[in-house]
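Novice: below is the sequence, then the predicted model.
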Amino acid sequence: MTADTIPVSAFMICFNEERVIEPSLRALSRFDEILVVDSGSTDRTVEIVEGLRGEGLPVRLMHHDWAGFGGQKQYALEQCRCEWVFNVDADEIAEPKLVAAIAEAVASPGKTAGFSVERRQWIPGYGYTHPLVKNDRIVRLVRCARAHYDPEQTIHESLHVDGVIGKIGGGVLLHDSVIAPELEFEKQNSYTSLKASERAARGKRPSPSKMLTAPIGYFVKFYLLKRYFLCGWAGFAVAAGAASYAYQTEYKSWRAGLGR
């Protein structure tokens with residue numbers, strides 16, 4: 001460990017991420033370790049990770065069969081060696097300002113158990129969102145012993161933290177999740193099916209009326225409340241996509257409730 005090293009374990013789960021994983025890992029080079037848990041990639045993902053390790057990045061590469069998003073990230077969390085851990089997805093890049101802010105946060109955290117960071121989305125036809133768009137804040141930096149994922153969360157997993165959560169004010173996570181439209185629709189179809197199945201497993205009863213209200217609510221949330229209208233037609237497309245996601249989830253939940 002050098003004087004410039006940040007005493008944090010960065011961890012990432014991945015599967016077939018050759019398009020995006022290299023810049024994501026390079027942005028984490030100051031961390032004490034970078035744990036990558038692959039679930040069986042068939043593209044160049046593993047080759048790229050091993051190449052970066054050969055260059056000297058503090059990468060540990062492990063294989064773990066897919067256990068759902070919650071279960072997979074919980075496994076990765078449990079393998080981390082540092083007191084503080086930072087979760088990054090393969091299509092996210094931590095800005096240098098964010099990395100520096102994380103170093104300051106863990107140097108004097110007080111009693112804080114975790115920190116949220118701001119994430120800024122890349123959208124086709126526009127680029128990274130307008131500066132006045134209300135970006136997501138997500139908990140990603142936590143004390144390892146005081147946080148966990150719920151293995152039952154097969155989709156949209158989140159960190160559950162025992163204690164006070166602060167905010168990292170400097171820098172953002174740059175999120176480049178752009179894929180071909182046909183793959184985007186396949187992904188949405190898969191994710192909404194997982195969401196509907198998770199709801200059913202938790203005994204949550206479907207509400208047919210939500211097939212109407214949820215899409216409208218999601219469109220208003222993204223287009224107006226989060227100010228995606230500032231991104232022109234690209235922002236409209238994001239809001240419409242969110243509405244479509246909401247409709248598919250509610251429709252599949254309703255169909256599952258019918259039993260046929």
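Specialist: Now that the structure is in, tell me what you want to look at.

Novice: what mean pLDDT does the longest helix seen in the chain have?
Specialist: If you go by DSSP state H, the chain has its longest helix at helix 232-258. For helix 232-258, mean pLDDT rounds to 95.

Novice: check contacts around H64.
Specialist: Taking CB atoms under 8 Å, 6 or more residues apart in numbering, we find H64 in contact with V37, D38, S39, Q72, Y75, A76. Every C-beta, even on glycine, is put in place using the N, C-alpha and C of the backbone.

Novice: out of those residues, which sit inside strands?
Specialist: Applying DSSP state E to the contacts of H64, the entries found in strands are V37, D38.

Novice: tabulate the contacts of H64 in TSV, adding columns for distance to S158 and pLDDT.
Specialist: Below are the contacts of H64 laid out as TSV (distance: CB to CB, whole Å; pLDDT from 0 to 100):
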residue	distance to S158	pLDDT
V37	18	98
D38	22	98
S39	19	97
Q72	14	96
Y75	16	97
A76	14	97
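
Novice: buried residues in the longest helix of the chain?
Specialist: Buried residues in helix 232-258, counted by 16 or more other CB atoms under 10 Å: 234-254.

Novice: can you map out the helices along the stretch 101-250 of the chain?
Specialist: Ranges of helices within the stretch 101-250 of the chain are 181-201, 210-220, 232-258, based on DSSP state H, counting those that start in this stretch.

Novice: contacts for the worst-scoring helix or strand of the chain on mean pLDDT?
Specialist: Taking mean pLDDT, DSSP states H and E as the measure, helix 181-201 is the helix or strand of the chain with the lowest mean score, a mean of 89. Surrounding helix 181-201, the residues in contact under the criterion CB under 8 Å, 6+ apart are 152-156, 179, 206, 241, 244-245, 248-249, 252-253, 256-257.

Novice: now, the most widely separated pair of those?
Specialist: By the measure CB to CB, I179 and G257 form the most distant pair in these, at 31.2 Å.

Novice: which residues touch P124?
Specialist: V178, A234, A237.
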